[in-house]
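Chemist: Next input, structure requested:
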Amino acid sequence: MSERPLRILLSILGLDQHEAGAFAVARLLRDAGMEVIYLGRFGTPERIVDAALEEGVDVIGLSCHSWEYLYYLDELFELLAARGLDLPVVVGGSVLSGDDKREIEAKGVAATFGPGAGAEEIVARIRDLTATRGAA
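Modeler: Predicted coordinates:
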């Protein structure tokens with residue numbers, strides 16, 4: 001019997017409209033055998049948490065190319081906790097500075113991927129996060 005593929009919810013928070021990076025990451029995750037549920041642009045914390053519950057995902061991935069993820073992360077984590085979801089949240093994007101990475105990891109973000117992160121690094125880190133949680 002084969003294991004089910006990892007299920008990754010991928011979205012963009014707020015009014016950020018830069019989808020090229022999200023599309024690229026969705027494809028590389030699919031090529032690695034993962035199932036990607038892409039919510040697209042204009043995501044809200046509530047919509048993301050609702051979809052995570054509905055889809056039974058293993059990881060929430062946020063693509064960011066504007067500052068808005070910094071604003072919405074607290075609400076996202078509050079909603080996850082209120083609904084009893086203990087899922088790793090990963091954030092990637094070209095705007096991630098070293099200071100931003102430290103700040104959002106302190107809030108609970110499990111992994112960050114800034115400019116230059118490679119496909120192998122992203123896939124391996126997501127697999128590591130889910131393996132330590134008992135996922136596939």
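Chemist: all strands of the protein, in order?
Modeler: 7-13, 35-43, 59-63, 89-92, 111-113 (DSSP state E).
Chemist: For the ones you listed, could you give me a markdown table that also reports mean neighbour count, mean pLDDT and distance to residue 124?
Modeler: (Each C-beta comes from the backbone N, C-alpha and C, glycine too.) Shown next, in a markdown table, are the strands of the chain (neighbours: other CB atoms under 10 Å; pLDDT from 0 to 100; distance: least, CB to CB, whole Å):
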| stretch | mean neighbour count | mean pLDDT | distance to residue 124 |
| --- | --- | --- | --- |
| strand 7-13 | 24 | 93 | 14 |
| strand 35-43 | 17 | 89 | 17 |
| strand 59-63 | 26 | 94 | 13 |
| strand 89-92 | 23 | 90 | 12 |
| strand 111-113 | 20 | 92 | 10 |
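Chemist: Could you dump these into CSV with distance to residue 74 added?
Modeler: What follows is these, written out as CSV (distance: least, CB to CB, whole Å):
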stretch, distance to residue 74
strand 7-13, 12
strand 35-43, 15
strand 59-63, 13
strand 89-92, 12
strand 111-113, 16
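Chemist: just so I know, which of those strands lies nearest residue 49?
Modeler: strand 59-63 (8.4 Å; CB to CB).
Chemist: Ignoring the adjacent residues along the chain, who's closest to residue 52?
Modeler: Nearest residue to residue 52, sequence neighbours excluded (CB to CB, 6 or more residues apart in numbering): residue 9, at 5.3 Å.
Chemist: Please name the residues that touch that neighbour.
Modeler: Neighbour list for residue 9: 37, 39, 48, 51, 52, 55, 57, 59, 60, 61 [criterion: CB atoms under 8 Å, 6 or more residues apart in numbering].
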